[in-house]
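Colleague: I would like to see how this sequence folds:
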Amino acid sequence: MGPELVIYPVLFLALFFESFILVTFLSGPAREARMRKASVWEPKVAIITPCWNEGDTIVATVESLLALDYPKDKLEIVIVDNASTDNTALVIERFRTNDQVKIIYEGKQGKHFAMNAGIRATDAEIVGCLDADSFVDPAALREVLAGFTGPKVAAATAAMSIHRPANLLQHMQNAEYIFGIFLRHVLSLVNAIHVTPGPFSLYRRDIILEVGGFQYGHQTEDMEMALRLQKAGYWIESSPRARVYTKAPLTVPSLIKQRTRWTTGFMRNVMHEYRDMVGNRKYGALGLVTLPLGILSIAAGMLLFIISIYYAVKYFVDIYLIHRGIPFEVQIGWPDFSRTFDWFYAPISLITVLSILMGGLAIAMIIVGKRVSGTPGKIVRGVVGYTLFYGLIAPLWLIKATIDVAFGHKRGWR
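Modeller: Below is the predicted model of the structure:
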């Protein structure tokens, strides 16, 4: 069997997850959630914007918040500067005279400290976060508030995509983020969201205080908070039409660094503070599907990468050995395309069929995610790049994160 012992289980799990997602997406509650209208409920809301050396983007971030379609007297913006060393402090002072804006200066202690400082500085019923490199659509706040459908809903997430993708790598990330919009929409229906992303997730302030505020969370405080809320019995909703745009890494090294931090945070949270949730029926689809498959996908990604490298090397070594054993004038060349090709005899294996099916379903989910969210722009370039190249890059940060966790390495935010 060889590599099939790894490949078949991986394909089975991937297709199981995609089937689970599709069945949930087509359910009645999912259709009702997609028909949900923007909220007419108008609680007092405070959006906290932690920043560290974000002088280039913080003004546009705050201006997008000030442009939200929401009563001015019920919307507060709390900027928390974490001891920036660039011109951030100078830039944000322009908002000092705006009655909607509060400015707080904190020592550089991390984003979770900044979030807690912002929460202490307001008495708003709903508090949220908007990273200082992200920008919201004017209608986004009412869309996210519509997710607070009951007192047990502690948080609601927005629909995050890439702000003006400029190269193939950013287009790939945009396709990935739209895929994420689709997944969060579906997973919210079974309370299986494992992260409340920094770009425009909202929370009930009293519940955040009840569970102890934000924590370090191995540099993934948004993931740690999502797990803690669900462990405490609360629900996390998703608002697929609440559009928010975020800056994305432009280069492969910067992307690997970002994703290494995310993956390391996931592994450490799940292996330490929240390991009792993995495989635990008490936590429903989160414990039985999202977390276990998240762990297995890291292992599978690395194993498939290693197998691919092995067979690629073996292929070229075989060619080299063939060339050494055959007279020089006999060469391995291109096939003769002058002959008629009969697809009936094409060597298509079950693995190929299952892989095409899995990839096709993923592409369909990205397309549906774009339609559901109304994310603007074309995604053909991103989908093609995501399909062809993502699997070649992702194992690099999976391996790096696994090494960091295994040896206790800690890396900086940037």
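
Colleague: quick one: I366 and F182 touch, right?
Modeller: Yes. Under the criterion of CB atoms under 8 Å, I366 is in contact with F182, at a separation of 7.0 Å. (Each C-beta comes from the backbone N, C-alpha and C, glycine too.)

Colleague: chain center to the helix or strand bottoming out on mean pLDDT in the chain: distance?
Modeller: The helix or strand of the chain with the lowest confidence, counting by mean pLDDT, DSSP states H and E, is helix 291-325 at a mean of 87. Using CA atoms, centre = their mean, to the nearest Å, we find the averaged C-alpha position of helix 291-325 to lie 27 Å away from the chain's own average C-alpha position.

Colleague: state the distance from the closest residue to D81 other than its chain neighbours to K370.
Modeller: Nearest in space to D81, with sequence neighbours left out and distances taken as CB to CB, 6 or more residues apart in numbering, is Y105 at 5.2 Å. Here the criterion is CB to CB, to the nearest Å. By it, Y105 lies 40 Å from K370.

Colleague: in the stretch 301-414 of the chain, which spans are helices?
Modeller: Here the stretch 301-414 of the chain has its helices, by DSSP state H, counting those that start in this stretch, at 350-373, 380-407.

Colleague: please identify the helix or strand for the nearest residue to D137 once chain neighbours are set aside.
Modeller: Excluding its sequence neighbours, the residue lying closest to D137 (CB to CB, 6+ apart) is R243, at 4.0 Å. With elements taken from DSSP states H and E, the one containing R243 is strand 235-246.

Colleague: how far does that strand sit from the chain's center?
Modeller: 12 Å.

Colleague: may I have that strand as PDB, with CA atoms only?
Modeller: C-alpha atoms of strand 235-246 as PDB (Å, rounded to 0.1, in the frame of the first residue of the first chain):
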ATOM      1  CA  TRP A 235     -22.500  30.600  21.900                       C
ATOM      2  CA  ILE A 236     -20.600  32.300  19.100                       C
ATOM      3  CA  GLU A 237     -22.500  33.500  16.000                       C
ATOM      4  CA  SER A 238     -21.300  34.600  12.600                       C
ATOM      5  CA  SER A 239     -22.500  37.400  10.300                       C
ATOM      6  CA  PRO A 240     -21.500  36.600   6.800                       C
ATOM      7  CA  ARG A 241     -22.600  39.900   5.300                       C
ATOM      8  CA  ALA A 242     -20.700  42.100   7.800                       C
ATOM      9  CA  ARG A 243     -17.800  43.000   5.500                       C
ATOM     10  CA  VAL A 244     -14.500  43.900   7.000                       C
ATOM     11  CA  TYR A 245     -11.200  44.200   5.100                       C
ATOM     12  CA  THR A 246      -7.700  43.500   6.500                       C
END
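
Colleague: give me the sheet partners of that strand and which way each runs.
Modeller: Next to strand 235-246 in the sheet, as set by DSSP bridges, lie strand 134-136 (antiparallel), strand 153-162 (parallel).

Colleague: just the ones you listed: most buried one?
Modeller: strand 153-162 (a mean of 27; mean count of other CB atoms under 10 Å).

Colleague: hmm, back to that, do you know how far the residue nearest to D137 is from P50?
Modeller: R243 sits 21 Å away from P50 when distances are taken as CB to CB.

Colleague: how about E143?
Modeller: In this view, E143 and P50 are 23 Å apart by CB to CB.

Colleague: low-confidence ranges, the protein, go.
Modeller: For the chain, the stretches flagged by pLDDT under 70 are 1, 325-347, 413-414.

Colleague: show me the strands in it, by range?
Modeller: Counting by DSSP state E, the segments of the chain that form strands are 45-51, 75-82, 101-106, 126-129, 134-136, 153-162, 201-204, 235-246.

Colleague: distance to D404 for those strands - can I get that in TSV?
Modeller: Output for those, formatted as TSV (distance: least, CB to CB, whole Å):
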stretch	distance to D404
strand 45-51	24
strand 75-82	23
strand 101-106	27
strand 126-129	25
strand 134-136	26
strand 153-162	25
strand 201-204	26
strand 235-246	24
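
Colleague: out of those strands, nearest to Y274?
Modeller: Closest approach to Y274 among those is made by strand 235-246 (14.4 Å; CB to CB).

Colleague: how big is the angle separating the closest one from helix 350-373?
Modeller: Put simply, strand 235-246 runs at 80 degrees to helix 350-373, going by axes from the mean of the first three to the mean of the last three CA atoms, to 10 degrees.

Colleague: now strand 235-246: buried residues?
Modeller: W235, I236, E237, S238, S239, P240, R241, A242, R243, V244, Y245, T246 (16 or more other CB atoms under 10 Å).

Colleague: for A312, which of the strands paired with strand 235-246 is the nearest?
Modeller: strand 153-162 (30.8 Å).

Colleague: quick one: that closest one to chain centroid distance?
Modeller: With CA atoms, centre = their mean as the basis, the distance from the averaged C-alpha position of strand 153-162 to the chain average is 11 Å.

Colleague: and the helices in the stretch 51-200 of the chain, which stretches?
Modeller: Ranges of helices in the stretch 51-200 of the chain, per DSSP H, counting those that start in this stretch, are 58-66, 88-92, 111-120, 140-145, 168-188.

Colleague: any idea which of those helices is most buried?
Modeller: For those, the stretch with the most neighbours on average is helix 140-145, a mean of 25; neighbours defined as mean count of other CB under 10 Å.

Colleague: what does that one contact?
Modeller: Contacting residues not belonging to helix 140-145 are listed as 38-41, 43, 45, 68-70, 75, 126, 128, 156-158, 200-202, 239, 241-244 [CB atoms under 8 Å, 6 or more residues apart in numbering].

Colleague: and for stretch 83-92?
Modeller: The set of residues external to stretch 83-92 that reach it, using CB under 8 Å, 6+ apart, is 51-55, 58-59, 62, 79, 81, 103, 105-108.

Colleague: distance between that stretch and the chain's centre?
Modeller: Using CA atoms, centre = their mean, the mean C-alpha position of stretch 83-92 is found 28 Å from that of the whole chain.
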